[in-house]
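*Asks:* what shape does this take:
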Amino acid sequence: MFDISAIDLARLQFAFTVSFHIIFPAFSIGLASYLAVLEGMWLWKKDARYLELFNYWKVIFAIGFAMGVVSGIVMAYQFGTNWSVFSDRAGPVIGPLMGYEVLSAFFLEAGFLGIMLFGEKRVGPKLHFFATLMVAVGTLFSAFWILSVNSWMQTPTGYIISEAGQFVPDDWLAVIFNPSFPYRLVHMVLAAYLTTAFVVGAVGAYHLLHNTADRNARLMFSMAMWMAALVTPVQIFAGDLHGLNTLEHQPAKVAAMEGHYENAKGAPLILFGIPDNEREETLYSIEVPRLGSLILTHSWDGEIQGLKSFPKEDWPNAFIVFWSFRIMVGIGLIMLAIGGWSLLCRYRGRLYEDRWLARAAVASGPLGFVAVLCGWITTEVGRQPWTIYGVMRTSESASPLNASEVGTTLLAFIVVYFVLFGAGVYYMLRLMKKPPSVDMDDDATDLKRALGITAASATLDAADS
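*Replies:* Residues are numbered from 1 along each chain as shown. Take a look at the predicted model:
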């Protein structure tokens, strides 16, 4: 199929499905915690605005959560269909961790989700708040286990290889809390919170542009801007620590991220350029002297390894990694600027009246999703050509399929995903366009429609799989 190998198509299929999948859990993690905060504030302050916003966002949460579950189920099928060798060899490690995610996180989310969505008038307010907290905790548990799995693939520890060639756990604590796991967990959870904050801020800003007196819009916009102002600097600091950890354990990935091919002391920071693995250099580079060493080694004269320090067959695609990393960092700087801008407007008493800030917040609404996707691309493409870093190559992990089989299912996924998830996203945007409503009947109707859409999506996706 267009001279593309079955392995490349399998990689493309997994990349396509995981790109759809990751944006929904990232949103659900942040939004579940936001819902818990809203309900907790309502119980504490007895301000009806918090409850109105809770009922407004819980409908949107229901759609995002359901689409995340559906896309995750479909993605899991590919481990057996396209990556059976990987599943067989890594199954003793990956299987239990994924099972823990289902048993602890998903059961916790699913067990309390119904109470959170429909139990407000059927149970007491404290029990309902407890259910909301459990859903939020469940989403965090889910992130914990999934990132433990992926981090182990990045920095594998705590295993032995059996005579059959399987990766067998030797120390479960070392497997779960592998060297990159704490950094990646913090970085991803903060990314989820910021993604949600900028969506909430965009919705609040949109309604403020139409009515600056909207009390609910003011509240959600204020809360979102506090999150942007306070959490973005923490995320940048966490990202720096994550980068230093990556430099220690995956130096070839960092070399690709920075566009360095030669070893260098006092290495420059390459702001922009075109990394070319064939020519083994970054073309048309724009550099800041010594700043690369300062950032990565915290020393002006620190030495940075270039890609030429590693066998060429072990190089990742430097062009993709270089640019995905820069887009992610650029978005982080935009978030930092908007958070700082909001603090200035708040200090001047013009947080809700500054229309340019509101326009900037609306425009930046999708940026969190783009940053999450670019961060995931940097992580996963930077790991190549390994499935389990330094131990098992991607070429050794694939099922014995031909290109036409994988290509056909890829085309089917593209069609189904764009139709079904496009409809879900469109409906979410329609709900966001509505002002926060105090009409509980409207909220109930929206929730029923949302669950109808996601149920249809699950049925069709299961049939396609």
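*Asks:* flag every buried residue along the lengthiest helix in the chain.
*Replies:* Counting residues, the longest helix found in the chain (DSSP state H) is helix 6-45. Burial within helix 6-45, assessed by neighbour count using 16 or more other C-beta atoms under 10 Å, is assigned to 6-11, 13-14, 17-39, 41-42. Backbone N, C-alpha and C define where each C-beta goes, glycine included.
*Asks:* do stretch 236-256 as well
*Replies:* 238-239, 242-243, 245-247, 249-256.
*Asks:* what does stretch 57-74 give?
*Replies:* Buried residues in stretch 57-74 (16+ other C-beta under 10 Å): 57-72, 74.
*Asks:* what sits closest to Leu269 if chain neighbours are left out?
*Replies:* Distances taken as C-beta to C-beta, 6 or more residues apart in numbering place Leu291 nearest to Leu269, at 3.7 Å, with adjacent residues excluded.
*Asks:* in contact with the spatially closest residue to Ala32 that is not a sequence neighbour, which residues?
*Replies:* Leaving aside its sequence neighbours, Ala32 sits nearest to Ala136 (C-beta to C-beta, 6+ apart; 4.1 Å). Applying C-beta atoms under 8 Å, 6 or more residues apart in numbering to Ala136 gives the contacts 32-33, 35-36.
*Asks:* SS state for the residue of the chain most remote from its centre?
*Replies:* Counting by C-alpha atoms, centre = their mean, the extreme residue of the chain relative to its mean C-alpha position is Glu163, 36.7 Å from that point. Three-state call for Glu163 (DSSP: H, G, I helix; E, B strand; the rest coil): coil.
*Asks:* any idea of the pLDDT on it?
*Replies:* At Glu163, the model reports a pLDDT of 85.
*Asks:* next, Thr157: phi, psi?
*Replies:* Per-residue torsions, Thr157: phi -150, psi 170 (degrees, to the nearest 10).
*Asks:* tell me if I'm right that it and Pro179 touch.
*Replies:* Yes. Applying C-beta atoms under 8 Å as the test, Thr157 and Pro179 come out as touching, 6.6 Å apart.
*Asks:* how about the strands in the stretch 301-450 of the chain?
*Replies:* Remark: strands assigned in the stretch 301-450 of the chain by DSSP state E, counting those that start in this stretch are 303-304, 386-388, 392-393.
*Asks:* quick one: which of those strands is nearest Tyr183?
*Replies:* For Tyr183, the closest of these is strand 386-388, at 18.5 Å, according to C-beta to C-beta.
*Asks:* now do the closest one: distance to the chain's middle.
*Replies:* How far strand 386-388 lies from its chain's middle: 20 Å, per C-alpha atoms, centre = their mean, to the nearest Å.
*Asks:* so which bits of it are buried?
*Replies:* For strand 386-388, a neighbour-count test (16+ other C-beta under 10 Å) marks 386-388 as buried.
*Asks:* list the residues that contact Ile22.
*Replies:* Contacts for Ile22 (C-beta under 8 Å, 6+ apart) come out as 372-373, 376.
*Asks:* try 10 Å
*Replies:* Ile22 is in contact with 68, 71-72, 75, 146, 188, 192, 369, 372-373, 375-376, counting by C-beta atoms under 10 Å, 6 or more residues apart in numbering.
*Asks:* would you mind measuring from the residue nearest to Leu269 to Ala90?
*Replies:* 39 Å (C-beta to C-beta, to the nearest Å).
*Asks:* which of those two has more neighbours?
*Replies:* Ala90 (24 against 16; other C-beta atoms under 10 Å).
*Asks:* quick one: contacts for the nearest residue to Gly204 once chain neighbours are set aside?
*Replies:* Excluding the flanking residues, the one nearest Gly204 by C-beta to C-beta, 6+ apart is Phe221, at 3.2 Å. Contact analysis of Phe221 by C-beta under 10 Å, 6+ apart lists 200-208, 214, 342, 351-352, 357-358, 361.
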